[in-house]
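Chemist: This is a predicted model, with the sequence first.
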Amino acid sequence: MRIIHVVGRSNSGKTTFIHSLIPLLKEHGKTAVIKHLHSHYFEQAPGKDTTTHYEHGADIVIGTDPEKAIAAIRNGSLHDMLNLLSDQGVEYTIIEGHKAESFQKVVIGDLEIEGCVLRNPRPEDVLTHISEFSEVYTLQGLVQELKRDHMSDDTGCIAAFNGIVRKVTGTEITETMDFTDTETIHTLSEDIRKGMEQIPGVLGVRFHHQTGIIPAGDDLTYIAVIARHRPEAFAALMQGIDRMKHELHDVGKTLEGEYHGNA
């Protein structure tokens, strides 16, 4: 999912720009907008059932009518909401505000800020530079991509893998794994993906590997395979996982001691 982060001072024209950008992005894929409300808390309608259910402790309340659904989610985390949108197959999310976030940005007005890709552009310029904007990946998002791009009458399955940094392996403790060499990781990941797609019966592969310093317990890799039959999908997954382990993970560990309990 591509993130178009629009920032600027108050009354700089951010909302007007976003209104022009939304229909252009919608021509290319499912589009969402997240607006930072700052201290202006969203007011739920007093006394309505959706409000009282939330007040009684429901974590998520959804109201539906024939045209739309309105949700109140007991979670104000921007990154959790981005993951939720990715899981739903959203391809483009516009963020208005949240200046402190590190996503690549469209700046409206004269605000000086890091990560500026475009300043005071035309909405069409965003599409021209779309590959320069940040991306958010989730495993379900990759599955949605495969369905969108590779579903056919002879599709039989999608198989998915979520790799996690394991803390304890035998007597070893792994506190972090170092994947700061992003160019090498992207090159190898693409080579692994292409190799998996060469297996007969595989219709498409999505492969994402996290970069940076990844602590134990965090997600490390998302792989999804769409194929005609299960054995072909499983064979592709095993090939990709084995290559990833031997060519990347075995050299990425940062060992912080020995484990002396029961693994």
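Modeler: Right, received. Where do you want to start?
Chemist: Next, residue 82: secondary structure please.
Modeler: Counting by DSSP: H, G, I helix; E, B strand; the rest coil, the backbone at residue 82 sits in helix.
Chemist: cool, residue 33 as well?
Modeler: Secondary structure, three-state DSSP: residue 33 is strand.
Chemist: what pairs with it across the strands?
Modeler: Assessed by DSSP bridges, residue 33 has beta-bridge partners residue 94.
Chemist: What count of nearby residues applies to it?
Modeler: When counting by other CB atoms under 10 Å, one arrives at 18 neighbours for residue 33. Any C-beta I mention is one placed from the backbone N, CA and C, and that applies to glycine too.
Chemist: The one 5 residues further on too?
Modeler: Around residue 38 sit 9 other residues, with neighbours defined as other CB under 10 Å.
Chemist: Quick check, it in contact with residue 97.
Modeler: Yes. Using CB atoms under 8 Å, residue 38 is in contact with residue 97, at 7.1 Å.
Chemist: Show me what the top helix by length along the chain packs onto, helices and strands only.
Modeler: What stands out as the longest helix in the chain, according to DSSP state H, is helix 230-247. Contact here means 3 or more CB pairs under 8 Å, 6 or more residues apart in numbering; DSSP states H and E; on that basis helix 230-247 packs against strand 157-164, helix 182-197, strand 202-209, strand 219-227.
Chemist: Okay, angle between that helix and helix 182-197 too, please.
Modeler: 150 degrees (axes from the mean of the first three to the mean of the last three CA atoms, to 10 degrees).
Chemist: now helix 230-247, how far from the chain's geometric center?
Modeler: 22 Å (CA atoms, centre = their mean, to the nearest Å).
Chemist: if we can go back for a sec, mean pLDDT lowest where, among the helices and strands packed on helix 230-247?
Modeler: Among those, helix 182-197 carries the lowest mean pLDDT, at a mean of 92.
Chemist: What residues of that one count as buried?
Modeler: Judged by neighbour count using 16 or more other CB atoms under 10 Å, the buried positions of helix 182-197 are 185, 188-189, 192-193, 196.
Chemist: Now do the same contact list for residue 148.
Modeler: residue 89 (CB atoms under 8 Å, 6 or more residues apart in numbering).
Chemist: For the strand or helix carrying it, buried residues please.
Modeler: Per DSSP states H and E: residue 148 is located in helix 139-150. Within helix 139-150, the residues that count as buried by 16+ other CB under 10 Å are 139-146, 150.
Chemist: Repeat that for stretch 22-36.
Modeler: Neighbour count says stretch 22-36 has 25, 30-34 buried, by 16+ other CB under 10 Å.
Chemist: what's the average pLDDT for that stretch?
Modeler: In the prediction, stretch 22-36 has an average pLDDT of 97.
Chemist: From the rest of the structure, what touches that stretch?
Modeler: Counting contacts by CB under 8 Å, 6+ apart, the residues outside stretch 22-36 that touch it are 4, 18, 78, 81-82, 85, 88-98, 123-124, 126-127.
Chemist: try it again with 6 Å
Modeler: 85, 89-98, 123 (CB atoms under 6 Å, 6 or more residues apart in numbering).
Chemist: Please render those as TSV that adds pLDDT and distance to residue 218 to the earlier fields.
Modeler: Formatted as TSV, the contacts of stretch 22-36 follow (pLDDT from 0 to 100; distance: CB to CB, whole Å):
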residue	pLDDT	distance to residue 218
85	97	20
89	96	24
90	97	23
91	98	25
92	98	26
93	98	22
94	98	27
95	98	23
96	96	28
97	90	27
98	93	22
123	97	36
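Chemist: gap between the two ends of stretch 22-35?
Modeler: Taking CA to CA, to the nearest Å, stretch 22-35 runs 13 Å from one end to the other.
Chemist: Please read the previous query as pertaining to stretch 153-166.
Modeler: End-to-end distance of stretch 153-166: 38 Å, with CA to CA as the criterion.
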